[in-house]
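Asker: What shape does this take:
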Amino acid sequence: MLSLPAGTARPRRRVVRVVAAGLAVQLAFGMVFAWGAVVPQVRATEHWPAVLLGAVFSATPAGYGLGTTIGGRLADRLPPRRLCWTALGLLTAGFAVAFAAPSGLTFVVGYGFVALGLGGGLALTGAVGALAQVLPGRAGAAGGLASAAYAGSAVFLAPLLGALAPRLGWIEALRTVGLALAIVSAALVALMPALPPGAPRPRAAVQPGRLLRNRAIQAGFLLALCGATFGAFAAVELTGEVTARHLGAALAAASLGVFAAGNAGGRLAAGLAADRLGPSRVLACVFAVELAAALALFVGVGPVTALAVALAAGSAVGADAGSLSRLGADAAPDRPHSAFGLVFAGFTAGAFLGPIAGALVAPPAGWLAAAVPAGAGLAILARARRAPTPA
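Answerer: This next block holds a predicted model:
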């Protein structure tokens, strides 16, 4: 069970403000998970091909990986609030370009890569840096909380956009929700208390090459990638799968909401579990669940199994992301935020590749193709268990 530290020098009220603001700033960036809610309308009205629709989603993890890599390094040096303001600046700039001149190019680059990707990566590392200062020794909890808030926003954003898009049109729905979230997030960041940057490190500890050669970070990057491909493809294609099987628009929207809820819950649960059990056990469960869900989708789903598979896919990809701050802290205790950023780049690489690979193969075989890395992840864990390699 998560509890706030009792004997800190800062007042408890200040700790609560840090936690609340650090989590709330993630809300706007969670719009990436609600993209699936407007995909059917974009496909019908704009006639964008499946690869382009997947590329809009995939551009976000591509930018997110760069954002977490840069942000993780900066979080060891700069105050967390400065990172959050920079993230909101990128969000505003990217939204402005995409919403002013909507097209495949502006949505891939402005909406996906810059606003939700690069900005989202900086926002996550800023929030984790802030939470880590008030939850000492709980790296998994800090990452799980921030990541869960990020994904949890889709629990209400997906149905909200699904309801607004038929009335306003998909672009106007995104404009309205995006602007409102940007304003709310800016107000909450303004309320975040000022926190110092991370503690100074020895010169040897700040060499980026040393972290890149760290075997534990390299393995963490690969494991994070292996756990992300299937869930990322499901985030984009699950509603289309339900619709293609003539299960109804209501069930398609419900499946996306269940996926979002599982994603958020999985991130929080995995962060807490990684602090207690270690990230390797959490990731082994992730890979097993993804393989089972991929097989179910390949065989074919009905009304009940569609929701079960949506919950499994969302929970698994969320648990993959939620365990990574603990994995990074274990891999490089002297540079936990930098290590977290590098490991999380593996997750974003998998989330980038999953929708593209699945779309190129196409369902139902695409579900199996997107889950192949999960099998590889189990093999990596088995090999590491037999012959552990020192960092």
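Asker: all strands of the chain, in order?
Answerer: Counting by DSSP state E, the chain has no strands to list.
Asker: Give the ranges of residues in it that sit below the confidence cut-off.
Answerer: 1-11, 198-208, 387-391 (pLDDT under 70).
Asker: What distance do you get for residue 71 to residue 376?
Answerer: Distance, residue 71 to residue 376, by CB to CB, to the nearest Å: 28 Å. The way it works is simple: take the backbone N, C-alpha and C, and place the C-beta from them, glycine included.
Asker: same thing with residue 81?
Answerer: Counting by CB to CB, the gap from residue 81 to residue 376 is 39 Å.
Asker: swap in residue 346?
Answerer: 12 Å.
Asker: more neighbours, residue 71 and residue 376?
Answerer: Taking neighbours as other CB atoms under 10 Å, residue 71 and residue 376 compare with residue 71 leading, 33 against 16.
Asker: Helices of the stretch 201-350 of the chain, residue ranges please.
Answerer: Assigned by DSSP state H, counting those that start in this stretch, the stretch 201-350 of the chain shows helices spanning 208-212, 215-226, 229-244, 249-277, 279-299, 303-322, 324-331, 336-361.
Asker: can you give me how far the fifth one is from the chain middle?
Answerer: Distance, stretch centre to chain centre, for helix 279-299: 18 Å (CA atoms, centre = their mean, to the nearest Å).
Asker: How about stretch 82-98?
Answerer: 17 Å.
Asker: do the same with stretch 239-252
Answerer: Distance, centroid of stretch 239-252 to centroid of chain: 24 Å (CA atoms, centre = their mean).
Asker: Next, the distance between the ends of that stretch.
Answerer: 5 Å (CA to CA, to the nearest Å).
Asker: In it, which residues are buried?
Answerer: For stretch 239-252, a neighbour-count test (16 or more other CB atoms under 10 Å) marks 239, 240, 241, 242, 247, 251, 252 as buried.
Asker: Columns distance to residue 21 on top of those residues, output as a markdown table?
Answerer: Converted to a markdown table, these look like this (distance: CB to CB, whole Å):
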| residue | distance to residue 21 |
| --- | --- |
| 239 | 33 |
| 240 | 37 |
| 241 | 38 |
| 242 | 37 |
| 247 | 40 |
| 251 | 37 |
| 252 | 35 |
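Asker: Which two among the residues you listed are spaced furthest apart?
Answerer: 240 and 251 (12.5 Å; CB to CB).
Asker: Need the overlap of contacts for these two.
Answerer: Jointly contacting residue 240 and residue 251 under the rule CB atoms under 8 Å, 6 or more residues apart in numbering is no residue at all.
Asker: Near residue 361, how many residues? Count them for me, please.
Answerer: Quick note: residue 361 (other CB under 10 Å) scores 15 neighbours.
Asker: just the one 3 residues further on next, same as before
Answerer: When counting by other CB under 10 Å, one arrives at 14 neighbours for residue 364.
Asker: neighbours of the spatially closest residue to it that is not a sequence neighbour, just the number please.
Answerer: Using CB to CB, 6 or more residues apart in numbering and skipping residues adjacent in sequence, the residue nearest residue 364 is residue 298, 4.7 Å away. Residues lying near residue 298 (other CB under 10 Å) number 16.
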